[in-house]
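>>> below is the structure, and that's it, no one-letter string:
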């Protein structure tokens, strides 16, 4: 979809200046003049002060901070945003963030299948940056543990660029995880789980008041897990404790402190198995490679992570107009990653042996993220204004040691005998150069509701990012990004919108050869409509978009531990999403996405992007069966269609797959029982195969039974 003349204006420096003037102006009046006037405070209604971090009853959230950093209804945000609530995650029995996104439009939820090293998802063909409570959570690859979904109140997917507010952001979108926070109602939930692959898990979530007047609130969330995986000899153990405290000395001030301590012990479930023997028949008349094959070595393989973090969320209302906020997080993480995988390009020998290499990396990451905001709510005549000014800062330092050794010993994939390999020595290890990324940015955003019909969002940001590698050249980038959105509110809850936005994403770390990454840059035009019928709890969204990105990373055909920056890419698509409260006893989620991708410039020019299906669709339906004479009983079922994808060179097509999920639950008093099954028919499929010669196994059937007690 080519840009029109009016849309193209916003891509020019002059247009950015015009946006800046709009951001720093309220209804045509400069701020200097406004400062001399008495502004009429914007009346804050009950709907306006609904907390977008609070629990949602059901599947349909109506408000979010992720798209604007202000408390804004989704129907007043000119951008496609999806929210996965805690109720939806509980009902679907998710065990990871990427599983929680399976029923979200435009998201490739399990981009690389079952991979214990991280949550891999695509948004509109891009790799989204992950935030936690509005602050960046992940920096680089394999440098921090996966987030436990039991800790989360919701997951917000902002589709399309958001750099005006966040600085760090992929053109495809961002994912913002919202932590469970202290509440003023006493409640405790204890849950025990058991499942296939020897899964055993215990969890607790307790919150309430610490004093009579409710000025001190607490929450404690903890999870302990002992589990195997669908890959032999790979465990999935976890211990995480997340206490938090909220202090409300007055109605105008709130300060929440959250701590996190997490330790994971797992290995590598991504076995990098050859295309011949998985997606294609094995050569030499051999059978297909078993999907539970462990191709590494038990005494070597591991992906162990530890993280400690402290988060501060402070808000103070100065008067009826102005509120200031500061969000801050400091985090330290250590990762011990060791793996043995097939030598590339992987291939089976006539006797079933496969040649292997060994890789090890010990990483340390220290990160500080800070976001200061000042927000003003006021009205001038028939125009309601929300003005946001902010400055944010990020500082991430990573280093470590790594080793690599080729041809360490073959393994027979049909009759594996472990222990017969050449072990890495201390001499094989070398220091990874310390890498430091520092980013700071000033941003402004002006939201207006004009005559209760027209809704505008204008934003501008100035970023400075510095990427410095020890012993190498420091790269400093200065970027200006803009955003403009327009909506019109018709009767009966119909709100069409159009927007233009830009992205800028400095990349932490270095490639496998110690070279710093160039920042990603992108832009998008989006047209859509949001519908929330009057008096309804349902929300419907339909969008079309056209986006481009430069300096995108792609798998390196010559080195599986490296990526290359692949020139310019483009994605165009259509997304349809419905979250419907059909009745008080029936919830429905339905999605469809068409994603057309292309490498415009660079390696494999003209090819589609690897791992991105053109078509995806899903439906989840859940019923409370109490009205049928079965009080407390509920049942749900889902269908996921994963369209065909390509290897990045358009030479190999990964076929489509349709998967079924189901749940059965029963509640009686404080007790809650549930049985969740994903991939009900236990389909064997491959989520992706790459031009370098390897395939990623999809998640086989997973069965989890849980017993919960609330008091």
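Received the coordinates, thanks. Worth saying up front: this structure is predicted, and the values here are computed from it rather than measured. Numbering: from 1, shown residues only.

>>> tell me the bridge partners for the most centrally placed residue in the chain.
Nearest residue to the geometric centre of the chain (C-alpha atoms, centre = their mean): residue 175, 3.4 Å. Beta-bridge partners for residue 175, by DSSP bridges, are residue 130, residue 157.

>>> please apply the same query to the one 4 residues further on.
Under DSSP bridges, the beta-bridge partners of residue 179 are residue 152.

>>> would you agree it is in contact with residue 258?
Yes: Residue 179 is within contact range of residue 258, at 6.2 Å (criterion: C-beta atoms under 8 Å). The C-beta positions use only the backbone N, C-alpha and C, and glycine is treated the same way.

>>> re earlier: what's the separation between the residue nearest to the centre of the chain and residue 82?
10 Å (C-beta to C-beta, to the nearest Å).

>>> and residue 698, by the same measure?
From residue 698 to residue 82 the distance is 22 Å (C-beta to C-beta).

>>> who touches both of residue 175 and residue 82?
Overlap of the contact sets of residue 175 and residue 82 (by C-beta atoms under 8 Å, 6 or more residues apart in numbering) consists of 156, 157.

>>> in the stretch 451-600 of the chain, where is pLDDT below threshold?
Low-confidence segments of the stretch 451-600 of the chain (pLDDT under 70): 508-510.

>>> now do the strands in it.
Applying DSSP state E, counting those that start in this stretch to the stretch 451-600 of the chain gives strands spanning 454-469, 475-488, 494-505, 520-531, 539-550, 553-556, 559-565, 568-583, 586-601.

>>> deepest in the core, which of those strands is it.
Stretch with highest mean neighbour count among these: strand 494-505 (a mean of 23; mean count of other C-beta atoms under 10 Å).

>>> rewinding a little: residue 698 and residue 82: which has the busier surroundings?
Using other C-beta atoms under 10 Å as the criterion, residue 698 and residue 82 rank with residue 82 on top: 29 against 21.

>>> what strand or helix carries the more buried one?
strand 81-85 (DSSP states H and E).

>>> from the rest of the structure, what touches the helix or strand just after that strand?
As assigned by DSSP H and E, the chain's next helix or strand after strand 81-85 is helix 86-92. Contact with helix 86-92 is made by 55-59, 99-100, 102-103, 149, 152-155, 180, 589, 620, 622, 636, 638, 661, 663, 665, 674, 676, as judged by C-beta under 8 Å, 6+ apart.

>>> could you list the buried residues of helix 86-92?
86, 87, 88, 89, 90, 91, 92 (16 or more other C-beta atoms under 10 Å).

>>> where does pLDDT dip in this structure?
Using pLDDT under 70, the flagged stretches of the chain are 1-49, 508-510.

>>> show me where it has helices.
5-8, 13-23, 31-34, 86-92, 97-100, 163-166 (DSSP state H).

>>> more crowded one of residue 179 and residue 258?
residue 258 (24 against 21).

>>> correct me, but the more buried one touches residue 328?
No: Residue 258 is beyond contact range of residue 328, at 10.7 Å (criterion: C-beta under 8 Å).

>>> and for these two, which residues touch both?
Joint contacts of residue 258 and residue 328 (C-beta under 8 Å, 6+ apart) are 311, 312.

>>> okay, now the closest residue to residue 406 other than its chain neighbours: neighbour count?
In this structure, residue 406 finds its nearest non-sequential neighbour in residue 357, 4.9 Å apart by C-beta to C-beta, 6 or more residues apart in numbering. Residues contacting residue 357 under the criterion other C-beta under 10 Å number 19.

>>> if I look at residue 357, how far off is residue 644?
For residue 357, the distance to residue 644 - C-beta to C-beta - is 30 Å.

>>> which neighbours do residue 179 and residue 258 share?
By C-beta under 8 Å, 6+ apart, residue 179 and residue 258 have these common neighbours: 133, 242, 244, 311.

>>> pull the most distant pair out of those residues.
Spanning the widest gap among the shared contacts of residue 179 and residue 258 are 133 and 242, at 11.8 Å by C-beta to C-beta.

>>> mutual contacts of these two, please.
With C-beta under 8 Å, 6+ apart as the test, residue 133 and residue 242 both reach 179, 258.

>>> circling back: make a markdown table out of the shared contacts of residue 179 and residue 258 and add neighbour count.
What follows is the shared contacts of residue 179 and residue 258, written out as a markdown table (neighbours: other C-beta atoms under 10 Å):
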| residue | neighbour count |
| --- | --- |
| 133 | 21 |
| 242 | 22 |
| 244 | 21 |
| 311 | 22 |
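
>>> from the residues you listed, pick the one nearest residue 606.
For the shared contacts of residue 179 and residue 258, the nearest to residue 606 is residue 133 (41.0 Å; C-beta to C-beta).

>>> mind checking how far that closest one is from residue 344?
Counting by C-beta to C-beta - residue 133 and residue 344 are separated by 39 Å.

>>> same check on residue 364?
The span separating residue 364 from residue 344 equals 28 Å under the rule C-beta to C-beta.

>>> looking at those two, which is more packed in?
Taking neighbours as other C-beta under 10 Å, residue 364 and residue 344 compare with residue 344 leading, 20 against 16.

>>> which one of the buried residues of helix 86-92 sits closest to residue 207?
residue 86 (12.8 Å).

>>> relative to residue 320, how far out is that closest one?
Per C-beta to C-beta, residue 86 is found 33 Å from residue 320.

>>> residue 56 against residue 64, yeah?
No: under the contact definition of C-beta under 8 Å, residue 56 does not touch residue 64, with a separation of 10.5 Å.

>>> so for the two, which residue has more residues nearby?
Neighbours per residue, other C-beta under 10 Å: of residue 56 and residue 64, the larger number sits with residue 64, 24 against 18.

>>> how about that one, what does it touch?
52, 72, 74, 77, 81, 83, 156.

>>> before we move on, what about residue 54?
So residue 54 contacts 153, 183 (C-beta under 8 Å, 6+ apart).

>>> got phi/psi on it?
Phi and psi for residue 54, reported as degrees, to the nearest 10, are phi -80, psi 160.

>>> what comes up buried for stretch 297-316?
For stretch 297-316, by 16+ other C-beta under 10 Å, it's 297, 300-307, 309, 311, 313-315.

>>> again, but for stretch 57-64
For stretch 57-64, by 16+ other C-beta under 10 Å, it's 59, 60, 61, 63, 64.

>>> filter the residues you listed down to the ones in strands?
63, 64 (DSSP state E).

>>> closest one of the buried residues of stretch 57-64 to residue 709?
Residue 709 lies nearest to residue 59 out of the buried residues of stretch 57-64, by C-beta to C-beta, at 23.7 Å.

>>> ok, that closest one to residue 167 distance?
Distance from residue 59 to residue 167, by C-beta to C-beta: 31 Å.

>>> and what of residue 225?
35 Å.

>>> more neighbours: the two, which one.
residue 167 (29 against 21).

>>> give the contact list for that one.
Residue 167 neighbours (C-beta under 8 Å, 6+ apart): 392, 394, 439, 441, 443, 461, 463, 465, 504, 506.

>>> how does it look with 6 Å?
By C-beta atoms under 6 Å, 6 or more residues apart in numbering, residue 167 lies in contact with 439, 441, 463.

>>> would you mind giving those residues as TSV with distance to residue 600 added?
TSV is the format used below for the contacts of residue 167 (distance: C-beta to C-beta, whole Å):
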residue	distance to residue 600
439	27
441	28
463	24
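
>>> which residues does residue 456 contact?
By C-beta under 6 Å, 6+ apart, the contact list for residue 456 reads 448, 486.

>>> repeat the analysis, applying 7 Å as the threshold.
Neighbouring residues of residue 456 by C-beta atoms under 7 Å, 6 or more residues apart in numbering: 448, 485, 486.

>>> closest to residue 161 out of these?
The nearest one, if we look at the contacts of residue 456 relative to residue 161 and count by C-beta to C-beta, is residue 485, at 11.5 Å.

>>> for the closest residue to residue 339 other than its chain neighbours, grab the count of nearby residues.
Using C-beta to C-beta, 6+ apart and skipping residues adjacent in sequence, the residue nearest residue 339 is residue 268, 4.5 Å away. A total of 23 residues lie near residue 268 under the criterion other C-beta under 10 Å.
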